[in-house]
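Colleague: Sequence and predicted model, in that order:
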Amino acid sequence: MTTITYALAQFFLISLFSGAGAIMASGLTKREWLEDALIWLGCACMGGCFIAVVLLISVKVAEL
């Protein structure tokens, strides 16, 4: 289970930093930057949750 947690944390951080870099490089205003950052954070969280569910299902199936 520790490997799954580590993989999820790594995925989340990569998504977060790549999104933040793309947003900063785009030259948006402060308000637009904040809106895009919140959207990217939400997408990273949803992607992390989806991968968590898939990995947990895979682990449970493998235990059967």
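Modeller: Great, that's in hand.
Colleague: what's the nearest residue to Cys45 if we skip its chain neighbours?
Modeller: The shortest distance from Cys45 to any non-neighbouring residue, by CB to CB, 6 or more residues apart in numbering, is to Phe12 (7.4 Å). Just so you know, the C-beta spots here come from the backbone N, C-alpha and C atoms, and that holds for glycine as well.
Colleague: burial of that neighbour, as a residue count?
Modeller: For Phe12, the tally of surrounding residues (other CB atoms under 10 Å) stands at 18.
Colleague: Next up, the contacts around it.
Modeller: Taking CB atoms under 8 Å, 6 or more residues apart in numbering, we find Phe12 in contact with 44-45, 48.
Colleague: Take these and lay them out in JSON lines including secondary structure and distance to Val54.
Modeller: Rendered in JSON lines, the data for the contacts of Phe12 read as follows (DSSP: H, G, I helix; E, B strand; the rest coil; distance: CB to CB, whole Å):
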{"residue": "Ala44", "secondary structure": "helix", "distance to Val54": "16"}
{"residue": "Cys45", "secondary structure": "helix", "distance to Val54": "15"}
{"residue": "Gly48", "secondary structure": "helix", "distance to Val54": "11"}
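Colleague: returning to that earlier point: next, find the distance separating the residue nearest to Cys45 from Val61.
Modeller: Per CB to CB, to the nearest Å, Phe12 is found 24 Å from Val61.
Colleague: got it, and Ala52?
Modeller: Using CB to CB, one obtains 15 Å as the distance from Ala52 to Val61.
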